[in-house]
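Asker: Dropping a prediction and its sequence here:
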Amino acid sequence: MPYFSRLTDIVTCSLTEILEASDDPHTTLKEVLDEMEEGLSSARRVAKTSAANRDRMQQEITQHTNQMNTWLESAKTALVGGDDGAAREALTRKVEIEDLIDGLKPELEAADSTHRNMLRIQKALEARYSEASRRMADLTGEPMGIRQESETAVHAITQSQQEKSCEVEAELEALKKQLGGS
């Protein structure tokens with residue numbers, strides 16, 4: 001039985017309620033963890049794709065900016081050579097490219113926003129997955145193993161744990177300073 005229809009369902013779910021409503025919490029939690037892994041896998045793919053889209057858009061804008069500067073230099077060269085017609089044509093091309101860049105900038109902002117949003121969702125999903133993994137460990141009395149076939153395994157989990165560890169250490173230091181300074 002699928003428990004989640006959207007990624008946000010995972011983020012907003014109450015594991016306690018799901019487990020209390022279940023006749024077999026262990027099996028239910030295993031199914032929930034499987035769905036969470038699929039959701040994490042999907043979120044990571046979308047985050048990766050959105051980052052690639054953002055980078056592609058940025059590269060395209062950079063290329064067009066270089067072309068625009070080339071047309072501006074052509075216009076200057078034509079004017080120095082006394083060819084107003086060629087200068088006018090070069091400036092026309094420069095303006096066309098400026099208009100194209102102006103159209104691409106909102107698309108870049110949207111791609112960047114999508115990427116940042118997916119990273120936030122991914123981080124929230126990872127937090128829920130960690131919570132569910134701890135619940136499973138509590139139920140079974142054994143730590144959760146990393147599933148090798150999962151896209152969420154090894155590198156992604158290790159990297160996420162390292163990032164969380166750094167965040168926790170920074171927060172710990174801030175609390176120590178706060179308590180020491182009170």
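Answerer: Now that the structure is in, tell me what you want to look at. A quick note: this is a predicted structure, and the numbers were derived from the prediction, not measured. Residues are numbered from 1 along each chain as shown.
Asker: okay, CA-based contacts and neighbour counts for the rest of this
Answerer: OK.
Asker: Skipping its backbone neighbours, what lies nearest the residue most central in space within the chain in space?
Answerer: The structure's the chain has its C-alpha centroid closest to residue 119; by C-alpha atoms, centre = their mean the separation is 2.9 Å. Leaving aside its sequence neighbours, residue 119 sits nearest to residue 47 (C-alpha to C-alpha, 6 or more residues apart in numbering; 6.2 Å).
Asker: Which neighbouring elements make contact with the helix or strand where the one you found lies?
Answerer: Per DSSP states H and E, residue 47 falls inside helix 25-80. Judged by 3 or more C-alpha pairs under 8 Å, 6 or more residues apart in numbering; DSSP states H and E, helix 25-80 is in contact with helix 7-12, helix 15-20, helix 84-140.
Asker: now those helices as CSV including mean pLDDT and distance to residue 28?
Answerer: Formatted as CSV, the helices and strands packed on helix 25-80 follow (pLDDT from 0 to 100; distance: least, C-alpha to C-alpha, whole Å):
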stretch, mean pLDDT, distance to residue 28
helix 7-12, 77, 14
helix 15-20, 85, 7
helix 84-140, 94, 10
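Asker: who wins for proximity to residue 167 among those?
Answerer: Residue 167 lies closest to helix 84-140 among the helices and strands packed on helix 25-80, at 12.6 Å (C-alpha to C-alpha).
Asker: the domain parsing of this protein - what is it?
Answerer: 7-145, 154-182 (automatic domain parsing).
Asker: So which of those domains is the most surrounded?
Answerer: A comparison of those by mean neighbour count, using mean count of other C-alpha atoms under 10 Å, puts domain 7-145 on top with a mean of 16.
Asker: now the helices and strands packed on helix 25-80 as JSON lines including distance to residue 163?
Answerer: Formatted as JSON lines, the helices and strands packed on helix 25-80 follow (distance: least, C-alpha to C-alpha, whole Å):
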{"stretch": "helix 7-12", "distance to residue 163": "19"}
{"stretch": "helix 15-20", "distance to residue 163": "24"}
{"stretch": "helix 84-140", "distance to residue 163": "10"}
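Asker: Out of those helices, flag the one nearest residue 60.
Answerer: Nearest of the helices and strands packed on helix 25-80 to residue 60, taken as C-alpha to C-alpha: helix 84-140 at 8.6 Å.
Asker: relative orientation of that closest one and helix 25-80 in degrees?
Answerer: With axes from the mean of the first three to the mean of the last three C-alpha atoms, to 10 degrees defining the directions, helix 84-140 sits at 170 degrees from helix 25-80.
Asker: What is helix 84-140 packed up against?
Answerer: For helix 84-140, the packing partners by 3+ C-alpha pairs under 8 Å, 6+ apart come out as helix 7-12, helix 25-80.
Asker: Thanks a lot, catch you later.
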